[in-house]
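J.: Here is a sequence with its predicted model. Questions after.
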Protein chains: 2
Amino acid sequence: MNGAETLVKTLLASGVDVCFANPGTSEMHFVAALDTHPQMRCILSLFEGGVTGAADGYFRMTGMPAATLLHLAPGFGNGYASVHNARKGHGGMINVVGEHADYHLKYDAPLKGDIEGVTRSVSDWVRVSEDAGSVARDGAEAVRIARSGNGRIATLVLPANTAWEGADGPAEPLPPVRLHRPRPDQIAAAAAALREPGAALFVNGPALHGRLAELAGKIAATTGCRLMTDLFVPRLARGAGAVDIECLHYPVLDNVEILRDVRHMVLVGAGQPVAFFAYPDKPSTPERADCRMLDLCSPGMDIAWTLEALVTETGAAEAEAARIPLDLPELPDGPLCPETVGQSMAALMPEGAIVCNEAITAGHPIAQATRGARAHDWLNNPGGAIGAALPLAVGAAVACPDRKVIAPTGDGSAMYNLQSLWTMARERLDVTVIVFANRGYQILRGELANVGVREVGRNAERMFNVEDPELDWVALAAGHGVDAVRVTETGDFIARFADAMSTTGPRLIEVAFDPALPTD
Amino acid sequence: MNGAETLVKTLLASGVDVCFANPGTSEMHFVAALDTHPQMRCILSLFEGGVTGAADGYFRMTGMPAATLLHLAPGFGNGYASVHNARKGHGGMINVVGEHADYHLKYDAPLKGDIEGVTRSVSDWVRVSEDAGSVARDGAEAVRIARSGNGRIATLVLPANTAWEGADGPAEPLPPVRLHRPRPDQIAAAAAALREPGAALFVNGPALHGRLAELAGKIAATTGCRLMTDLFVPRLARGAGAVDIECLHYPVLDNVEILRDVRHMVLVGAGQPVAFFAYPDKPSTPERADCRMLDLCSPGMDIAWTLEALVTETGAAEAEAARIPLDLPELPDGPLCPETVGQSMAALMPEGAIVCNEAITAGHPIAQATRGARAHDWLNNPGGAIGAALPLAVGAAVACPDRKVIAPTGDGSAMYNLQSLWTMARERLDVTVIVFANRGYQILRGELANVGVREVGRNAERMFNVEDPELDWVALAAGHGVDAVRVTETGDFIARFADAMSTTGPRLIEVAFDPALPTD
């Protein structure tokens, strides 16, 4: 048995049975080992951003890390942005990165790079296996780390000779690192703060869906505090019956207004809210200057225990969380725009849909419109590196084959990892992609105005628009093997989207609309 | 005047007037500054791998670095692989990477990342501007570094507030760092070695084209040594009239055979030849165990001075370099395969063509067939991170608008930066892309056999083939606004390629061939 085989067996024994992959020569022994272990599901992406982004989506929907297989420093580089997004959402993944044989590293072979430098800059844990006998133990440790702290980025660098040389056998699975918990006096202080006027319980991570969202809702119902979260959250249960959690907006001045009366903010599984970017003469954070911020339970701590302790401390066990009522809109008949698309989605999305949203300028209207739709999960991009929607949809669809996945995305952002369309076709994933084709980076027009530029000249204009030539998303999808259609009328969108909701398999709808129409 | 404006003025004053860009919000003041300086040519790519890869191609054809504009750590990450390739080819570029305002960095905003970690892992020089008043001087220094050592990767990180705050004005251009030269006794020793039986002058970088290749050819003609280079060189002058320089092959055992009689190897502008990957029971380097390796002038030293000194020392000033004779093949009529495509290219490529080659398994036959074509430049991928051909073609076409650019590429490799097709259409670049559609990562099949696997199972097969679904390159190109055609017969390829050579503008030819046909 060689090192690669011990790693595959160790991953499987540790419960990791999905591997998103884009391998090369230095990973060939690992590929050979995967080949003799068909119980590991290997899913090819034609670009590494699709590999790591899919692993992120898979973790968000299962809570279990997937493995990725990447080719040396540049292969990891290609996957860097999606790892960044996963890390910002406190996701877990196990990156297996092939490296040259250790004795080959003294030469300047073409693909030799600073693999530790690039991986460490975005991983929580990096290990370079020392020899074949260490690979299994390193693999078990990688899984342990990826499952610790509510999800971490573990990167295992595998020199080729550690994969092909002989080893004893697989390693035993290791339990995740024990989570830290707040002290009892902190729980008591937080419970007291939540009963004050102007209190908000600000949650994130696993507190945004399932049982933990229920606990948070009970605490809010009992104490009278507001229950809030960020805008770009990894996974939020929404729609009819979901616990009602208020989301911040994108513009920091909106959030200043939203938080105007918040004097006590208790953070559970969440960092302090912060502006997406700094701007001249705008604040970096939206809270009142005199707001008391209680950092009770940071994202890597024991969120479940903390919420249970707060339930006990506030006597909320029997309380009823406020829930979002079912509020299905009529099918719209106005002009095609983000609002009418959102209303159509709300009316037609099936129970249990998973929405992987990166609609950028169209995102706010569709989020508003779908709030009272049938129960669904809503996945945003916590890292801001655009190109997330398609890879996330791949991972979510692999994780939840019985649920409909919907990926609304801007045309600019969809271009970053468009190769994920091919993986949707290859794996027959039940994903409906909606591309909002506003022909450019619309958000940057607003940002240029934000910095005080009133007249846009040729250089700026040519960096914002993708009008010349127009991207043809029907052709792009067809090129990747995905059926697609372009719609320009609301009625058309409704017909195509309804059809997508009632059948399975990948498809793409290009929403060609006039960006001059109102979007809020 | 703000910091961003001083940077644009400094770049222009330093001779940098092309900026390949994919900006975001944190670069908005820099975009505004570019907007008021139309003499800077801004070229948008829809993915950052296309940005940095184009800068690489531009440098290779002009010897001048271009600027790139990238969006924080993940934007640089998306461009990482192409920066790696440029660095391995000792190329120069100036990366301007936007960062959060310095006072915003204490918060965990979504796009905050370890920007110094990721940039340092692949740059020769990184500077984070301290304040607006430093930006111009930092920019001049970045250009100086990028132009030093025959080309370096300079990365300037620009916190948003250093771009928007007030500054005095632009900085004066700085001269490149003086190049190191070998000692006279090293020149004498090298000249003596080159006269020994079994001597080879091994060159790379600027010694592969133009005047320096002439000097190398004179030295070889006078001393009787072999004149050799690596396979994956950044730019090689080839075809009729070019100095005859022998290239190594991809398989290390081929190279062991090629270098069997080489007892003295003098390196000028080149590193020691090394196997692309290590394999069990194969050597890491191809030379004889008793070969004497004289590392006379490393890639960052004064290659021109060294070759001139060797010409003087060997008395080669009046010698005639051996040249490649014109050897145009007949137009072929066999089945469509890399050989017949290569013969057609050889017969039809115009004088002065620039070939950006990443045809992988089809690369050797087309390189062989075109060796005696009309004079052309041949650009390979010195870094091995696939996806190079399309971005390089963009940069080469921007650099040399009067020359025909041809980009032969594998279908697997072309998928990594396919967004560069759009930039070809946007900028009306005169590029003919040839996609060898063998429906998979053919090279990996060979590599799996190399590690001893004889029977390929489901997991390996599904990581090597892209047959299900097939990529449709005609649709992919059309989606990006590039005219394309699929050919399955040699006669068809000849007609389409001849048409492409006689007109201008971007187009793509998908060569759909049976990979079972001979390719060597």
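T.: Looks like it arrived, so ask away.
J.: quick one: which helix or strand includes A:R144?
T.: If you go by DSSP states H and E, A:R144 is part of helix A:132-146.
J.: Same check on A:A495?
T.: helix A:490-502.
J.: And A:A190, by the same measure?
T.: Using DSSP H and E, A:A190 falls in helix A:184-194.
J.: now for the next helix or strand along the chain from that helix, which elements pack on it?
T.: Remark: after helix A:184-194, the chain's next helix or strand is strand A:199-203, criterion DSSP H and E. Contact here means 3 or more CB pairs under 8 Å, 6 or more residues apart in numbering or on different chains; DSSP states H and E; on that basis strand A:199-203 packs against helix A:210-223, strand A:226-229, strand A:264-268. For glycine as for every other residue, the C-beta is placed from the backbone atoms N, C-alpha and C.
J.: try it again with 6 Å
T.: Under the contact criterion of 3 or more CB pairs under 6 Å, 6 or more residues apart in numbering or on different chains; DSSP states H and E, the helices and strands touching strand A:199-203 comprise strand A:226-229, strand A:264-268.
J.: Would you mind giving those strands as TSV with mean neighbour count added?
T.: Shown next, in TSV, are the helices and strands packed on strand A:199-203 (neighbours: other CB atoms under 10 Å in any protein chain shown):
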stretch	mean neighbour count
strand A:226-229	22
strand A:264-268	24
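J.: could you redo these as CSV and give each row distance to B:R41 and mean pLDDT?
T.: CSV is the format used below for those (distance: least, CB to CB, whole Å; pLDDT from 0 to 100):
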stretch, distance to B:R41, mean pLDDT
strand A:226-229, 44, 98
strand A:264-268, 48, 98
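J.: Can you check which of these gets nearest to chain B?
T.: strand A:264-268 (11.9 Å; CB to the nearest CB).
J.: So which elements touch the following helix or strand past that closest one?
T.: Using DSSP H and E, the helix or strand that follows strand A:264-268 in sequence is strand A:292-297. Strand A:292-297 is packed against helix A:184-194, strand A:264-268, with contacts defined by 3+ CB pairs under 6 Å, 6+ apart.
J.: List, one by one, the residues from the stretch 351-500 of chain A near chain B.
T.: When proximity is defined by CB under 6 Å from any CB of the partner chain, the stretch 351-500 of chain A lies next to chain B at A:382-385, A:415-416, A:419, A:425, A:447-448, A:451, A:453, A:457, A:459-460, A:463, A:469, A:472, A:475-476, A:478-479, A:481.
J.: Just the buried residues out of those, in ChimeraX syntax.
T.: To isolate the buried ones among those in ChimeraX, judged by 16 or more other CB atoms under 10 Å in any protein chain shown, type:
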select /A:382,383,384,385,415,416,419,425,447,448,451,453,459,460,463,469,472,475,476,478,479,481
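J.: could the helices and strands packed on strand A:292-297 be laid out in TSV, adding distance to chain B?
T.: Output for those, formatted as TSV (distance: least, CB to the nearest CB, whole Å):
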stretch	distance to chain B
helix A:184-194	21
strand A:264-268	12
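J.: For B:A54, find the nearest of the helices and strands packed on strand A:199-203.
T.: strand A:226-229 (40.4 Å; CB to CB).
J.: one step back: what's the helix holding A:R144 packed up against?
T.: With contacts taken as 3+ CB pairs under 6 Å, 6+ apart, helix A:132-146 sits against helix A:3-13, strand A:153-159.
J.: what sits up against the first one?
T.: Okay, so that is helix A:3-13. A:29-30, A:33-34, A:37, A:67, A:132, A:135-136, A:139-140, A:162-163, A:165, A:167, A:169-171, A:173 (CB atoms under 6 Å, 6 or more residues apart in numbering or on different chains).
J.: From the chain's centroid, how far away is the lowest-mean-pLDDT helix or strand in chain A?
T.: Of all helical and strand segments in chain A, the minimum by mean pLDDT, DSSP states H and E falls on helix A:442-450, at a mean of 83. Centre-to-centre, helix A:442-450 and its host chain are 24 Å apart (CA atoms, centre = their mean, to the nearest Å).
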